[in-house]
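Novice: Next come a sequence and a model predicted from it.
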Amino acid sequence: MSLPPLQRLRQAPRHLLVCEKGHARHARSRHAAHVRDHAYNCRVSFLIPECGLLPEVLKSTIADVGEYYLVRNLPVHELVAHDFIDAFVKKGSCYALTYKTKIDQDNTAALLPNGNLILSVDKDTYEELGLQGRPSKYSGKKVMRYIITIDLTDSGFHPDSKKHNRVLWALKENKPLEFDFLLAWYHTGAEGSTLVSYFSKNQIETLKPKITFSTLRDLQCPLLESNELYGKPEESCSTEELFEWLGAVLNQVSLDNKSSSFLSTYCCPQPNTIVEKAFLCTITGFIIPEKIIQLLEQLCCYFGEPKLACWLTLTVHGFADSPVSWRENEHGFHKGGENLYNFVIFRNLDYWLQMAVGTNDDCPP
Amino acid sequence: MAGFADLNLPQGSDKKSLQALLETAAHLGYSAVALNHVIDFKEKKQEIVKPVSPSELFPSLPVVQGTSKRIKVLTRLTLVISDPSHCNLLRSTSPNIRLYDIIAVFPKTEKLFHIACTTLDVDLVCINVTEKLPFYFRRPPVNMAIDRGIYFELLYTPAIKDSTMRRYTISNAISLMQICKGKNIVISSAAERPLELRGPYDVANLGLLFGLSEGEAKAAVSTNCRATMLHGETRKSACGIVYTVKKPRKVEEEETLPACKKAKTQA
Amino acid sequence: MALSEPAAAAATFERRVLRSAGEHHYLRVWLELPDGGARPSAAQFKQLVVSALRELHGEVGAALPVDVLTYEEKTLSAILRVVSSGLVKLWSALTLLGFYQNRRCAFRVLQVKPCGDWIGQQ
């Protein structure tokens, strides 16, 4: 903590990277659980080498990623109203996240599909609200931020309970909190009321994810061996090398520099091979885990027929200012609020999963 | 609110360039700034004028980037004191002084630094960053200032303009850190042009160069600025009971939260 | 699904945790210049970064390996890569740079990420 000043100049902010290897069809594989537990995702991209045209089934999966909603100036107490809880929270998975709030500066709220409403508030708001919470892990010695968790599906949270009335009073009268919210709702079965009709009195906007496709030509791709997470000299590349390469590809960095070049010395990791074309698709919006699981499943099915590609990747970025990363693990923003994961799916359905978080985060699950 | 703040935008510039500064500050992510009016007693007789009213000056304030809030603009008075007699003004009950949100002093001698830290009713003490330190920082006054909730201000614009000043900025900052241990530091810009302003995360990183830790450096552009503003608010209201008619809302706020007031200003 | 290979043999579960393992940090930056001034070419841009490092951290700073991964002259935006131990030095050098060819300028750091993949617009 208290390093001498000169050493601080050599210290970069902490971050964590977890790498896992498993098999997508293994009975106890946790890969889908990791996707499900990462609730708030703003960008999903996948890259398929040796693919010029996307199979129809993948196209329709992408088209089905689904709408989400933006409700402006929504008082938080409306999310703890029982009409809302019964219509949405208890039926299916309801996601809500405050929009344009900064987790290291502002009050922030998020509703998880398990029915937990999380409020991450500064000290002043916490004192005024009068609801019980716990100090944030990342606010230093003098606590400046508190986390309040309210379980909306708790049996003790019925309409006439003391608990419910207290929360309602705090959020409605004592310290009314209002945010712009991103909302999404996933449910199966009978049609109920929709978010649009429920919030028709508020300003609600229906938004569609933005989807972009591109085909990359003559791309240098690292060789990977599913059994070798660490890579093997002369035979295959490691997870970190792949991660770095993927970043370069997504940002259109040139991959064939020389070590003597003045501008940049970055080059594709060794060994590599040139693929004629690769398909890259990026989806941005408020993308819920259920849809990502569907996409992941379809990407696994891609290898159901013989393909030239040895592997493909799926990268998912979380919202930098979300109050949680995985499950209810507190998430913060120090100098970058990174929380993301990346799948490499191999032809035999082995997978690598890399999960990464920044300075103010717990270790991924 | 613990958003980012820049407590020093020189007010001297004309309205148009001030507007440009505000826009850049909001764009860089600052949610509050203070317009600084400087009075140097060495220059003839100086009168303390009433602070400008930001709402009159700028009918519509720019929106802070990435949020839906408008930037908050405060007023600040900085007194450059080179003689003990200059302090009398602060002790007297000049009504105009009380109208400023933040009051800072820039002591030129060790004795005045001591007085500023230990007795003057101010929120900020400015640290010289443009020349070699004219005196040593000593522990007793610095600790006393920290106990009183007074913050020390370092500026970064001189370090951008000139390499000699850059050296003084860093070395004076490090000298101060050895005594104050990274506590109660505020880093501001004193930028006269938009191109001299830097983003809050950039400034926090600069704090590492000044000898602050990661946490202390980020606090120097966020929570410490907030504490300074609250200190100013408390100072204003401590003698502002006379002004209850003028500021009814302020008084109300104070009444609902008497217990945590002390804790808030220390935070 | 094509389960041609026996799952158990193909996948032995393995997990490893890396703390601050990335060798590099990445910065997305843009250079703000007053309107109408000459725009640096890619090589001049890199030169500017190196001179900023030299100005603040001397020859040791100038020797830090920094890569200009992408640079767009039209928007003056770039992605830089630096060894992680040099991040604070590079960042502070960019922050304190005030002039390009005797005209005022400012480096705006938009994102700082420990891994290339993490850089992206949000």
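Specialist: That came in fine, so what should we check first?
Novice: Now the residue in chain C that chain B sits nearest to, what are its backbone angles?
Specialist: Ranked by C-beta to the nearest C-beta, the top residue of chain C for proximity to chain B is C:Gly98, at 3.9 Å. From N, CA and C alone the C-beta is placed, and that goes for glycine too. Comment: the main-chain dihedrals of C:Gly98 come out as phi -120, psi -10, following degrees, to the nearest 10.
Novice: what's next to stretch A:217-231, contact-wise?
Specialist: Contacting residues not belonging to stretch A:217-231 are listed as A:19, A:21, A:49, A:232, A:235-239, A:241-242, A:245, A:249, A:255-256, A:268-278, A:310-311, A:344, A:346, A:348, A:350, A:352, C:10-11, C:14, C:16 [C-beta atoms under 8 Å, 6 or more residues apart in numbering or on different chains].
Novice: if we can go back for a sec, ok, the residue of chain C closest to chain B - how many residues close by?
Specialist: Counted by other C-beta atoms under 10 Å in any protein chain shown, the residues lying close to C:Gly98 total 21.
Novice: Drop anything exposed from the contacts of stretch A:217-231.
Specialist: For these, a neighbour count by 16 or more other C-beta atoms under 10 Å in any protein chain shown gives the buried set as A:19, A:21, A:49, A:236-239, A:241-242, A:245, A:249, A:255, A:268-269, A:272, A:275, A:278, A:310-311, A:344, A:346, A:348, A:350, A:352, C:10-11.
Novice: for the stretch 151-267 of chain B, what spans make up the strands?
Specialist: Counting by DSSP state E, counting those that start in this stretch, one finds strands in the stretch 151-267 of chain B at the ranges B:151-155, B:185-188.
Novice: ditto for chain C
Specialist: C:14-19, C:24-32, C:66-72, C:77-83, C:99-100, C:103-104, C:106-113 (DSSP state E).
Novice: need those in JSON lines with mean pLDDT, can you?
Specialist: JSON lines is the format used below for the strands of chain C (pLDDT from 0 to 100):
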{"stretch": "strand C:14-19", "mean pLDDT": "76"}
{"stretch": "strand C:24-32", "mean pLDDT": "92"}
{"stretch": "strand C:66-72", "mean pLDDT": "93"}
{"stretch": "strand C:77-83", "mean pLDDT": "93"}
{"stretch": "strand C:99-100", "mean pLDDT": "93"}
{"stretch": "strand C:103-104", "mean pLDDT": "92"}
{"stretch": "strand C:106-113", "mean pLDDT": "92"}
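Novice: Those strands into CSV, with extra columns for distance to chain A?
Specialist: Shown next, in CSV, are these (distance: least, C-beta to the nearest C-beta, whole Å):
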stretch, distance to chain A
strand C:14-19, 4
strand C:24-32, 6
strand C:66-72, 4
strand C:77-83, 6
strand C:99-100, 17
strand C:103-104, 23
strand C:106-113, 5
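Novice: Can I get the ones you listed in a markdown table including distance to A:Phe319?
Specialist: Putting these into a markdown table (distance: least, C-beta to C-beta, whole Å) gives the following:
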| stretch | distance to A:Phe319 |
| --- | --- |
| strand C:14-19 | 23 |
| strand C:24-32 | 18 |
| strand C:66-72 | 25 |
| strand C:77-83 | 22 |
| strand C:99-100 | 35 |
| strand C:103-104 | 35 |
| strand C:106-113 | 14 |
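Novice: Next, the residue in chain A sticking out farthest from the centre: secondary structure please.
Specialist: Relative to the mean C-alpha coordinate of chain A, counting by C-alpha atoms, centre = their mean, the farthest residue is A:Ser260 (38.3 Å). Under DSSP: H, G, I helix; E, B strand; the rest coil, A:Ser260 falls in the coil class.
Novice: Up against chain C, what does the stretch 151-300 of chain A have?
Specialist: Counting by C-beta under 8 Å from any C-beta of the partner chain, the stretch 151-300 of chain A comes close to chain C at A:226, A:229, A:240, A:243-248, A:250-254, A:262-266, A:300.
Novice: do that again at 6 Å, thanks
Specialist: A:Phe243, A:Glu244, A:Leu246, A:Gly247, A:Ala248, A:Asn251, A:Val253, A:Leu263, A:Ser264, A:Thr265, A:Tyr266 (C-beta under 6 Å from any C-beta of the partner chain).
Novice: now for those residues, which pair is the farthest apart?
Specialist: A:Phe243 and A:Leu263 (22.4 Å; C-beta to C-beta).
Novice: max-length helix in chain B?
Specialist: Counting residues, the longest helix found in chain B (DSSP state H) is helix B:163-180.
Novice: All the helices of the stretch 51-200 of chain A, residue numbers only.
Specialist: For the stretch 51-200 of chain A, applying DSSP state H, counting those that start in this stretch gives helices covering A:56-63, A:82-84, A:123-129, A:162-169, A:195-198.
Novice: Going by neighbour count, which residues in the last one are buried?
Specialist: Meaning helix A:195-198. So for helix A:195-198, counting by 16+ other C-beta under 10 Å, buried means A:Leu195, A:Tyr198.
Novice: what residues does it touch?
Specialist: Contacts with helix A:195-198, where a contact means C-beta atoms under 6 Å, 6 or more residues apart in numbering or on different chains, come from A:Tyr69, A:Leu183, A:Trp185, A:Ile204.
Novice: Let's see that with 7 Å instead.
Specialist: A:Tyr69, A:Ala87, A:Leu183, A:Trp185, A:Ile204, A:Thr206 (C-beta atoms under 7 Å, 6 or more residues apart in numbering or on different chains).
Novice: same deal with the fourth one?
Specialist: By C-beta under 7 Å, 6+ apart, the surrounding residues in contact with helix A:162-169 are A:His77, A:Val80, A:Leu131, A:Ile150, A:Gly156, A:Phe157, A:His158.
Novice: Any idea how many residues pack against whatever residue of the stretch 201-350 of chain A ends up closest to chain C?
Specialist: Taking C-beta to the nearest C-beta as the measure, the point where the stretch 201-350 of chain A comes nearest chain C is A:Gly247, at 2.5 Å. For A:Gly247, the neighbour count with other C-beta under 10 Å is 24.
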